[in-house]
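S.K.: coordinates for the following, if possible.
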Amino acid sequence: MRKGLRILGVLVLFTGLILVSISYSAVSLDPKWVTVKEERASLDKLSVEGNLTKNDSFMVAFTLMKPPTMIPDFAAVLINVTDPQGYVFIENYEIPISLDYSTGTPALGRDFPGGVTNITGLYKVNAWAIAGLSLRTLSLQKLEIEFQHPYMNLLPVGAVVFVGGVVISLLCVKSSGSKKLHLKAHARKKFG
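M.R.: Purely as a prediction, here's the structure:
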């Protein structure tokens, strides 16, 4: 009987530990791009600076003013990204611009530049629009991943189950210990 209770106490104790550990498990939500800093103007050259930490995933994005009715073949936006130590991280990244004649909006010939930061600090971005284009916005964005703990409601349950397992185990040990002491005292009286 006591052996069965001891096993039950240990099983309940481990079940409590499992429930507590499950309650701390995290689930990531969809990552999203968050603007660190954005500049707005109607110029052919814009600059923006923003603080990033080491190993942040970042991207440089821009929007253009409504272009003229014709865009030359060499129309583009050039982008440089400089890290906090002055090293040009991305140099003369060229994004060709053409005109989508069906909508009258500019079409990008290449994805926005980005990467992973190598050190923490202030990153500087410079962008130039050439061939008669004007930049409306220039932004430095970073990828944020949010975590949720959907099983936190198991924490109090796991704690109660764990304490229950400890109590059952201690009662089994105490009752078996007092029985042994009682038998030793009885044996001393008998043979003593």
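S.K.: name the nearest residue to the most centrally placed residue in the chain, ignoring sequence neighbours.
M.R.: By CA atoms, centre = their mean, the mean C-alpha position of the chain lies nearest to Ile145, the distance being 3.4 Å. Residue nearest to Ile145 in three dimensions, not counting chain neighbours: Pro31, with 4.6 Å by CB to CB, 6 or more residues apart in numbering. Quick note: C-beta positions are derived from backbone N, CA and C, even for glycine.
S.K.: repeat that for Asp83.
M.R.: Phe89 is the one closest to Asp83 (CB to CB, 6+ apart), at 4.9 Å.
S.K.: need the pLDDT of that neighbour.
M.R.: pLDDT recorded at Phe89 is 84.
S.K.: quick one: it and Gly121 touch, right?
M.R.: No: the pair Phe89 / Gly121 is not scored as a contact, 11.4 Å apart, by CB atoms under 8 Å.
S.K.: what about those two, which has more around it?
M.R.: Phe89 (19 against 13; other CB atoms under 10 Å).
S.K.: confirm that one sits in a strand?
M.R.: Yes: counting by DSSP: H, G, I helix; E, B strand; the rest coil, Phe89 is found in a strand.
S.K.: strands of the chain, start to end?
M.R.: Ranges of strands in the chain, per DSSP state E, are 27-28, 32-43, 45-52, 57-64, 76-82, 88-100, 105-108, 114-116, 121-130, 135-144, 147-148.
S.K.: format those as CSV; extra columns: distance to Ser169.
M.R.: Listed next are these as CSV, based on distance: least, CB to CB, whole Å:
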stretch, distance to Ser169
strand 27-28, 33
strand 32-43, 47
strand 45-52, 51
strand 57-64, 48
strand 76-82, 60
strand 88-100, 58
strand 105-108, 66
strand 114-116, 49
strand 121-130, 53
strand 135-144, 45
strand 147-148, 34
